[in-house]
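Q: need a 3D model of the sequence below.
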Amino acid sequence: QCNLAVNLRQIGVLGEAIELLQQAEPHFDGVPELAGMRFELLGVLADRGDTAAVVALVPKLVAGARAAHPAGSVELAQELARAATPLLLVEQWAAAEALLREILPIREAKLAGAWQPELSRALLGAALLGQRRFAEAEPLLVAGAEGLLQRLETMPASVRFRVREAVARVVELYAQWANAEPGLLRAEQAAKWRERLAALPPVGR
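A: From the prediction side, this is the model:
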């Protein structure tokens, strides 16, 4: 049932995927292999844009993650990241920011040189961009995108779409900033990053 729900999500049949996962949810706690299925449910709810359901489910998942993993651990950071990304999808910028500010230093300390800190940096920048905090978002978005571009070839194929997302957010940053505070420099920066985005190879999600 859960495998079918995952497959339905991948082809965009979100309503049926959510129904199957909600039916199976009472069994999640008793089966170790299903431990991550609530995060799958969270992701499908976010894909559908169900903000209220996402906001209601995230605290439960975060509490469970904190109970299961030591503070400051890579495992905790991974589960918090699985909660933060759906929050970004439903534009809960401040809630996502709070989680990402916890995740980033853990990954910087424990996964230095890997792609995960760069992704967390870019996502934290996205949370700030959503709040139109352009000056704070800029260094995080730019550094995160540059870091992911440098690591593109070593990233798992399943997450390479995150590189395009990160570069696209830098374009969005400079475009929004130029509209809010008109200036040639930011327009030029937006154009430069658009060129970099266009040069990226297509990567399926």
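Q: all contacts plus neighbour counts: C-alpha atoms, from now on.
A: Will do.
Q: ok, residue 165 to residue 114 distance?
A: 18 Å (CA to CA, to the nearest Å).
Q: against residue 133, how distant is the residue lying farthest from the centre of the chain?
A: Relative to the centre of the chain, the most outlying C-alpha is that of residue 184, 30.6 Å out, by CA atoms, centre = their mean. According to CA to CA, residue 184 and residue 133 sit 19 Å apart.
Q: residue 98 now?
A: In terms of CA to CA, residue 98 sits 15 Å off from residue 133.
Q: what's the answer for residue 185, then?
A: Applying CA to CA, the value for residue 185 to residue 133 is 18 Å.
Q: okay, those two: which has more neighbours?
A: Using other CA atoms under 10 Å, the more surrounded residue of residue 185 and residue 133 is residue 133, with 15 against 11.
Q: for the most centrally placed residue in the chain, which non-adjacent residue is spatially closest?
A: The residue lying closest to the centre of the chain (CA atoms, centre = their mean) is residue 85, at 3.2 Å. Nearest residue to residue 85, sequence neighbours excluded (CA to CA, 6 or more residues apart in numbering): residue 96, at 7.2 Å.
Q: tell me what the host helix or strand of the one you found is packed against?
A: Taking DSSP states H and E as the definition, residue 96 sits inside helix 93-110. Contact partners of helix 93-110 among helices and strands, from 3 or more CA pairs under 8 Å, 6 or more residues apart in numbering; DSSP states H and E: helix 74-89, helix 115-130.
Q: buried stuff in stretch 49-60?
A: 51, 54-55, 57-58 (16 or more other CA atoms under 10 Å).
Q: with stretch 145-159 instead?
A: By neighbour count on 16+ other CA under 10 Å, the buried set for stretch 145-159 is 145-149, 151-152, 155.
Q: of the residues you listed, closest to residue 190?
A: Using CA to CA, residue 145 is the member of these that lies nearest residue 190, at 13.5 Å.
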